[in-house]
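Trainee: predicted model follows, preceded by the sequence.
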Amino acid sequence: MWEDEIVEELHRIREEHAREFNYDIKAICEDWRRRHRQFVTLPLKKQSDKATQQIEQK
């Protein structure tokens with residue numbers, strides 16, 4: 001059977017992460033939430049004048 005190295009690596013990482021938290025799903029999810037908060041901080045996009053005018057006309 002064909003094996004994908006990337007998928008195998010993801011499974012290994014997931015297993016190590018779960019083991020680190022003694023397979024406690026609540027602790028695992030909290031850790032992922034904490035980690036993702038650090039990366040998802042995108043600035044708001046400014047609306048173009050045309051988009052603003054269309055909203056005001058409605």
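Mentor: Received, thanks.
Trainee: buried residues of stretch 8-22, list them for me.
Mentor: When neighbours are counted by 16 or more other CB atoms under 10 Å, no buried residue of stretch 8-22 is found. For glycine as for every other residue, the C-beta is placed from the backbone atoms N, C-alpha and C.
Trainee: contact partners of it?
Mentor: Contact with stretch 8-22 is made by 27, 28, 31, as judged by CB atoms under 8 Å, 6 or more residues apart in numbering.
Trainee: would you check how far apart residue 25 and residue 13 are?
Mentor: 16 Å (CB to CB, to the nearest Å).
Trainee: which residues of the protein fall in helices?
Mentor: With DSSP state H as the criterion, the chain has helices at 5-20, 25-37, 49-57.
Trainee: with mean pLDDT and distance to residue 43 added, can I get those in JSON lines?
Mentor: Shown next, in JSON lines, are the helices of the chain (pLDDT from 0 to 100; distance: least, CB to CB, whole Å):
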{"stretch": "helix 5-20", "mean pLDDT": "95", "distance to residue 43": "30"}
{"stretch": "helix 25-37", "mean pLDDT": "89", "distance to residue 43": "16"}
{"stretch": "helix 49-57", "mean pLDDT": "61", "distance to residue 43": "17"}
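Trainee: mind listing what's buried in stretch 22-38?
Mentor: Neighbour counts using 16+ other CB under 10 Å place residue 28 of stretch 22-38 among the buried residues.
Trainee: so what's the gap between it and the chain middle?
Mentor: Relative to its chain's centre, stretch 22-38 lies at 11 Å (CA atoms, centre = their mean, to the nearest Å).
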